[in-house]
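Novice: structure, please.
(chains A, B, C and D, ligands or ions: 6)
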Amino acid sequence: MESSLRTNVGGVNLETPVIVASGVWPMDPRLWPAGSMEGVGAVCSKGMTFEPREGNRGFRIMETYAGILNSIGLQNYGVEHFIAKELPLLDNSCRPVIVNIAFETLEDLRRILERLKVCRSMVGVVEMNVSCPNVSRGGLSWGVHTESLGNAVSMARQVWEGPLWVKLSPQVPSMGEFARLSQECGAQAVVVGNTWLGMAIDNDLERPFFENVFAGLSGPAIFPLALRAVWEAAGAVNIPVIGCGGIARPGDALSMILAGASAVEVGTALFIDSGLPASICRELEANLTKKGLASVRELVGRARNDQGENGEKSR
Amino acid sequence: MESSLRTNVGGVNLETPVIVASGVWPMDPRLWPAGSMEGVGAVCSKGMTFEPREGNRGFRIMETYAGILNSIGLQNYGVEHFIAKELPLLDNSCRPVIVNIAFETLEDLRRILERLKVCRSMVGVVEMNVSCPNVSRGGLSWGVHTESLGNAVSMARQVWEGPLWVKLSPQVPSMGEFARLSQECGAQAVVVGNTWLGMAIDNDLERPFFENVFAGLSGPAIFPLALRAVWEAAGAVNIPVIGCGGIARPGDALSMILAGASAVEVGTALFIDSGLPASICRELEANLTKKGLASVRELVGRARNDQGENGEKSR
Amino acid sequence: MDRSVAPMKGPPADRRGSLFFSRSLGDHCVHMGVELEGLTPKAIPGQFFLIRERGVLDPLLGRPLALVASKGNVLEFLFRISGRGTARLASLPPGAALELRGPCGNGFPEPVGDELVLVAGTLGIAPFIGISSFSSEKVRITAVLGVPGKGWEKFVEWCLERFPGIRINSDDGSIGRHGDPVEDTLSFVGQGHEVWGCGPEAMLRGLGRVHEKGCEKLLVSLEKRMACGTGGCLGCSIRTGSGMKRVCVDGPVFEWREVFGGAHGK
Amino acid sequence: MDRSVAPMKGPPADRRGSLFFSRSLGDHCVHMGVELEGLTPKAIPGQFFLIRERGVLDPLLGRPLALVASKGNVLEFLFRISGRGTARLASLPPGAALELRGPCGNGFPEPVGDELVLVAGTLGIAPFIGISSFSSEKVRITAVLGVPGKGWEKFVEWCLERFPGIRINSDDGSIGRHGDPVEDTLSFVGQGHEVWGCGPEAMLRGLGRVHEKGCEKLLVSLEKRMACGTGGCLGCSIRTGSGMKRVCVDGPVFEWREVFGGAHGK
Ligand SMILES: Cc1cc2nc3c(=O)[nH]c(=O)nc-3n(C[C@H](O)[C@H](O)[C@H](O)COP(=O)(O)OP(=O)(O)OC[C@H]3O[C@@H](n4cnc5c(N)ncnc54)[C@H](O)[C@@H]3O)c2cc1C
Ligand SMILES: Cc1cc2nc3c(=O)[nH]c(=O)nc-3n(C[C@H](O)[C@H](O)[C@H](O)COP(=O)(O)OP(=O)(O)OC[C@H]3O[C@@H](n4cnc5c(N)ncnc54)[C@H](O)[C@@H]3O)c2cc1C
Ligand SMILES: Cc1cc2nc3c(=O)[nH]c(=O)nc-3n(C[C@H](O)[C@H](O)[C@H](O)COP(=O)(O)O)c2cc1C
Ligand SMILES: Cc1cc2nc3c(=O)[nH]c(=O)nc-3n(C[C@H](O)[C@H](O)[C@H](O)COP(=O)(O)O)c2cc1C
Ligand code: FES
Ligand code: FES
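Specialist: Ligands and ions are numbered 1, 2, ... in the order given. Prediction:
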C-alpha cells in the first residue's frame, strides 16, 4: 500500500510533505541531531550564490517575541564548493535536495544554473530565493517588483530544465499577483514565503542592532501572516503552493495544508524542536485516519470549500 | 520645571508620549482598571462609523503565538451616540481624546467630520483609520492604494480643521511612500501602523476560524515588523510619526522613539499589563536622566544618527 | 467568599501571584490555589479572574476562570484542561509566577426568593461553590450537576463534599442518575424557585424550559473568548434583546430571557 | 563528568527535563540542576547545552550553558543572570519543565602536557569545574579566577570549594588579589604550561600574551549568540585564520591563534 503521506509537488516526489527550510539545518548530515530527519520529505540547502560569501558582520541572530530576526547575509562557499562538497553529502541523505539559490544579477543566476546542470541528477529542485537584493535596482529585493521577478523567473526557466520553485518574498503588495506571475513565467511551485522584514534597535548603543539595519523575522510569531499569504497564493494559482513561515506545532502544518498548501517547509521551529517533522507526520496521518481519507493530497485546500465538515455553509 | 515627558505631537499637547491605542480599552473611564491610566498621555476612542454597527458574528478574538488575531468588525454605536454619550465621558478623563474614525465611503467620512465639528472642543485629534474597506474599490482597504488614500486624506483635510492624523495600514507596498502621501495631503502626523493581516484555520471544522476569513494580527509578535515600518516612515516625512504595534515592554517604546517615533500607542499589551504606560514613562525618564537630556523630544530618532553613543560609526 | 462583606464592584486590577497548590481531580480537571501578593480583593460568586503565567508572552492571554473560594490571600479556582493554556496551567509546579486580572464581571446578585436551584454542567459548578454558604441562612439551595460519566468520579466526589445533597447526573449513567441536569431540574422545579445555570451553551439554552414550570427568575453565566476582561476590546460581545452586551463587564451573569429569549440570537 | 568514559561525540539530541534545584550564589549567579528524562548523555568539559523552558514559545531560543557536572540523571549548570531568559530561568520553581539540546560543541581535548592553567572570567569557570577531577591524576591544575569584587563573595566561595587552591582576582580588590586574572596568569606561567581560557572576549584576547611567556598551547572557549546549536543557522559564525567557523560545532573551544591570531579579526 502506498504511504498516505507520499506526494508529488512541483516536479518532485516526496515521501512526506514536510521539508526542512533553507538556512536552518546543517548541510552536513553527520550534524543532524539524532532522530531529527524522521518524517522529513526533503531538505533545502542553504542559500547559495555564485561566488563565496562570508556573510554579514556584527550580530546575526536576535530573539524577538516568539520569533527571531536573522541577518546571516547568505554566508556560503559558492556554487563550485557546493557542487563538489555539499551536494554529494546532502544527496547521501536519500531525500530530494531542494537547492536554494540566491543572486544579485541575472548573469549570476544564469551562471549558477549552468553549473548545476553538471550535477542535474543530484538536484531535486531549484528553489529561487527572490528575497535577495537586485543590484541593478538599487538593492531592492528581486521579489517585490513584477518586472524584476518576471525577468528572473523567465530566465531561470530558460536555463534550467529540472523542477523550478520560486520562494516568494512576503514583502509584496499582493501575494496572489506575484504567485500568478511566477506560474506564468514557468515556476512549477511557489514557496510562500520567506522571512518578514523587521528590525531591532540596540537601545544602549542607540543604533540598529543589525549592521544591515533590517533583518528577517521568522518563527511562530509570523505564522498567522504566513497562513494568510498561503491562502491568498493558493487562490491565485494552479501550481502547488508550499507553505512556509512560523510553523511551530503539528496543527500549524495541517492548517497550512487545509488552506491550500501541498507541502510545508519548517525552519525556525527546528531550533527548539528537532522532532517537529515527525510530529507533523503523525498528526497528518491521524487526521487522514479520522476522516477516512487515503492520501494527504486529499487534505489540500479543504478549508477553502464552501461547505464545512457538517455540511453547513462556511461562516 | 516642565515635565521631561511633555510633548506636542501633530497639533496636540501631551503630558506623556504614551497613548492608548484604539479599540482596546473601554470608552467608559469608570471601567478603567485601577492605576491603568497613570502615564497615559491620550486615549484613542474605538473606531467609530457614521451609522451604528453591530460588528462581526462568530469568533472575534483568537490567541496566536505571542499575539492575537481580532475580527471585531468595528462594533460601535455610530457618531450621534458617540457625541452624545461617549465623547463627554472620555473628555472627563482630562486627557486629549484621539477620535478614531472609520468609513466605507467618502461621503461617510465627510458626514462624520461635519458632525464632529459640533463638539470640536472635546476632540483632541481626528485619527483616520484607513485600514477599513473602501466600498467603491471592491472592499480593498482605503489605505493600500495611493489614489484612494490621497482622496480620503485630502477630503478630510478640507472638512476638518483640527488636528488630523492618519493611521496607516501595514499592508502597503512602501511605508515611506504612503506616509509621505499622507503628509502631502495634509495629515499632521502618521500613526504607523494598524494590525497586520493574518488568518487562522479551524482544523476540526476545516474552515477559516473567522467569519471574514482574514483578521488583524496585533501584540508582541509583530513588534519587529512595526519597528521597521516606523523606521521607514520616519525617514520619509517631516511630520511626527506615532509608533504602534506590538509594544510589550518599556524598552520597546524606547526603541520606537529612538527609531524616530515622537509618541507611541499601546494596544494588545494592555490586555495583560495595565501598568505598561506607567512603566514606559519610568523607563523614558530614567533614560533621559542617564543621558542628561531634558526632554523626551531629544530622544526621537537618535538611533538614526550616523554616530553611535561612543562616537563610532554606526555598524 | 463572604456575602456579608460589601462586594467589591469597582474595576478589576492586575495582581501578582504564584501557584500555591494544584490538585488533579481526575484526568481533566484541576483544583488550584493562587497566592496573591498584596491585598486580597473582595469578590462575589460569579465574578472571575483572567489568569496567566507571569513573564512569558506565549501563551499570551489570561484565561477566564470563576472564583471558587478565597481563604486568606489564597484564591481558589477549578478548571478543566481544555486547550493549550489550561494544559500549561495544570503542568506548573507550586511557586510558578502567575498574573491575575480581576475580579471581573458582575457576579450573581442576591437571590430574590428563598429557594435557589443551581444547575451546573461539569466545571459550571465553579462559580456556585462560594454560594454554599447561603445554605446556613434563609436560602435553601438545591444543586444539580451533570457530568459525562466515567473518569469524573473524583470530580463528583469533590463536588459532593461542598454540596452534600447535590443531584448527580451522568450521560453514561455510570455516576448518579442517567440523564442530563436540565431534565433532572425540570423534574422538580416550580413556582418560587429561582434557577441559576452555568455550563455549556446548549445546556443553558435548554434550561429555559424551567420558565414553563413556573420559575420566573432564571440567570445564566456565559462563556465567551476574552482578551481585555474590562469591556474594551469587544471581543466578548453578544447580541441580546437589549442590544450588544459584553460578557466580561455586562455579564457573565445575564437573565436567560435577555440572551436566549428573543429572535436576536446570541 | 568522567574523562575515562569515551566522550560522546555524536550530534546532540533534544531532551526533556525539569528543574531539580536552583541555588542563588549571590545576586547575579545561579547554580542549577536539571533532571533529565531518559538516558543521561556523556559529555566532556567545554561542551554545552541549549536550555529553554518547555511549553512556552516566548522566550523562544535555548540559552547556551556549559555543562558543569553530571550526577546520575541530574545535569548541573552555573549561570549569570544577564538578560530576560536567564532571569526567567533563575525565577523558576523546582519541577518546572525544561528542554535541553545537547551536548553541543567540541569541548576541551585532553591536555598535552601535565601542567594545566585554567583562566576564568566570572562565569567562565563553568566549563572548568568538571576538569577538577584531573588533579588526582598526572595533570597538575592551577585555576585563576577574576571577579568584579563586592557581591561576588558567595560565588567565589563556591569556586573555592571546587578548586581549593584557586587564585582569586577582583577588579575592586575586595576579594583576593586586586587586579585581573590575565596579569595574574602572566605572573607565573611559562614554558610547559598549557593554558585554557573562558570569559569575556577582551580577557581572552589579552590572554594571548601567555605566548610571549613561552606557553605554546592556548585554548579559548568562545561565546556567540546561537539559534540552532547544530551548525545549521550560521548565526554563531566567526572569521578565523582558517576561514569561517561556527562556534556551536567547530567550537566553542578554539586555538587562540586561530581566532585572535591573524588580521582576520573575529
Ligand atoms: C467568565 C468565565 C468564567 C469561566 N470559568 C471557568 C471555570 O471556573 N472553570 C473552567 O474550567 N472554565 C471556565 N471558563 C472557561 C475557560 O475560560 C476556558 O476553558 C479556557 O479559557 C480555555 O483555555 P485553554 O487554554 O484551555 O484553551 P485554548 O483553546 O488554548 O484557548 C485559546 C483561547 O480561547 C479562549 N477560550 C477557549 N475556550 C474558551 C471558553 N470556553 N470560554 C472562554 N474562553 C475560551 C482562551 O481563553 C484563549 O484565549 C470560564 C469562561 C468564562 C468566560
Ligand atoms: C558555548 C557557550 C557556553 C556558555 N556557557 C555559559 C555558562 O556556563 N554560564 C553562563 O552564565 N553563561 C554562559 N554562556 C553565556 C550565556 O549563554 C548567555 O549569558 C545567555 O545566553 C544570555 O541569555 P539572557 O536570556 O540572559 O540574555 P538576553 O539578552 O535576553 O538574550 C537574548 C539572546 O541573546 C543570546 N545571548 C545574549 N548574551 C549572550 C552571550 N554572552 N553568549 C551567547 N548568547 C548570548 C541569548 O542566548 C538569547 O538568544 C555561554 C555561551 C556560550 C555560547
Ligand atoms: C537563520 C536563517 C537563515 C535563513 N537562510 C535562508 C536562505 O539562505 N535562503 C532562503 O531562501 N531562506 C532562508 N531563511 C528563511 C527560511 O528558510 C524560512 O523561509 C523562514 O525562516 C520562514 O520560516 P520559519 O518561520 O519556519 O523559519 C533563513 C531563515 C533563518 C532563520
Ligand atoms: C481588539 C482590537 C480592536 C481594535 N480596534 C481598532 C479600531 O477600532 N480602530 C483602529 O484604528 N485600530 C483598532 N485596533 C488596532 C489597534 O489600535 C492597534 O493599532 C493594533 O492593535 C496594533 O497595536 P498593538 O500590537 O499594540 O495592539 C484594534 C486592535 C485590537 C486588538
Ligand atoms: S473581553 Fe474585552 S470587552 Fe470583554
Ligand atoms: S548556532 Fe546555528 S550554526 Fe551555530
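
Novice: contacts and neighbour counts: CA atoms only from here.
Specialist: OK.

Novice: C:V30 contacts C:E76, correct?
Specialist: No: if you go by C-alpha atoms under 8 Å, C:V30 and C:E76 don't touch, sitting 10.5 Å apart.

Novice: can you tell me the SS state at C:S22?
Specialist: Under DSSP: H, G, I helix; E, B strand; the rest coil, the three-state class of C:S22 is strand.

Novice: residue contacts, the closest residue to it other than its chain neighbours?
Specialist: Spatial nearest neighbour of C:S22, excluding adjacent residues (C-alpha to C-alpha, 6 or more residues apart in numbering or on different chains): C:M32 at 4.4 Å. Shown in contact with C:M32 (C-alpha atoms under 8 Å, 6 or more residues apart in numbering or on different chains): C:19-23, C:76-79.

Novice: out of those, which is nearest to A:G23?
Specialist: Ranked by distance to A:G23 (C-alpha to C-alpha), the contacts of C:M32 are led by C:L19 at 40.7 Å.

Novice: re earlier: quickly list what the residue nearest to C:S22 is bridged to.
Specialist: Counting by DSSP bridges, C:M32 is bridged to C:S22, C:F77.

Novice: please determine how far it is located from chain D.
Specialist: 16 Å (C-alpha to the nearest C-alpha, to the nearest Å).

Novice: what's the spacing between that residue and ligand 5?
Specialist: 23 Å (C-alpha to the nearest ligand atom, to the nearest Å).

Novice: and that residue, what pLDDT?
Specialist: With respect to pLDDT, C:M32 scores 98.

Novice: I'd like the contacts of C:M32 laid out as a markdown table, including neighbour count, distance to B:E177 and pLDDT.
Specialist: Shown next, in a markdown table, are the contacts of C:M32 (neighbours: other C-alpha atoms under 10 Å in any protein chain shown; distance: C-alpha to C-alpha, whole Å; pLDDT from 0 to 100):
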| residue | neighbour count | distance to B:E177 | pLDDT |
| --- | --- | --- | --- |
| C:L19 | 22 | 50 | 98 |
| C:F20 | 18 | 54 | 98 |
| C:F21 | 17 | 56 | 98 |
| C:S22 | 20 | 55 | 97 |
| C:R23 | 12 | 57 | 96 |
| C:E76 | 21 | 54 | 97 |
| C:F77 | 22 | 52 | 97 |
| C:L78 | 25 | 53 | 97 |
| C:F79 | 24 | 51 | 98 |
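
Novice: so what pLDDT did the residue of chain C found nearest ligand 3 get?
Specialist: Closest residue of chain C to ligand 3, C-alpha to the nearest ligand atom: C:D58 (15.9 Å). Per-residue confidence (pLDDT) for C:D58: 96.

Novice: quick one: contacts for the residue of the stretch 201-315 of chain A found nearest ligand 1?
Specialist: Nearest residue of the stretch 201-315 of chain A to ligand 1 (C-alpha to the nearest ligand atom) works out as A:G251 at 12.4 Å. Contact analysis of A:G251 by C-alpha under 8 Å, 6+ apart lists A:280, A:283, B:203.

Novice: do the same with A:T7
Specialist: Here A:T7 is in contact with A:13-17, A:296-297 (criterion: C-alpha under 8 Å, 6+ apart).

Novice: does C:V195 sit in a helix, a strand or a coil?
Specialist: Classified using three-state DSSP, C:V195 is strand.

Novice: helix, strand, or coil at the residue lying closest to A:R157 once chain neighbours are set aside?
Specialist: Residue nearest to A:R157 in three dimensions, not counting chain neighbours: A:G186, with 5.9 Å by C-alpha to C-alpha, 6+ apart. With three-state DSSP as the basis, the three-state label of A:G186 is coil.

Novice: and C:S174, how far from ligand 2?
Specialist: Applying C-alpha to the nearest ligand atom to C:S174 and ligand 2 gives a distance of 51 Å.

Novice: correct me, but that residue touches C:G151?
Specialist: No: if you go by C-alpha under 8 Å, C:S174 and C:G151 don't touch, sitting 9.5 Å apart.
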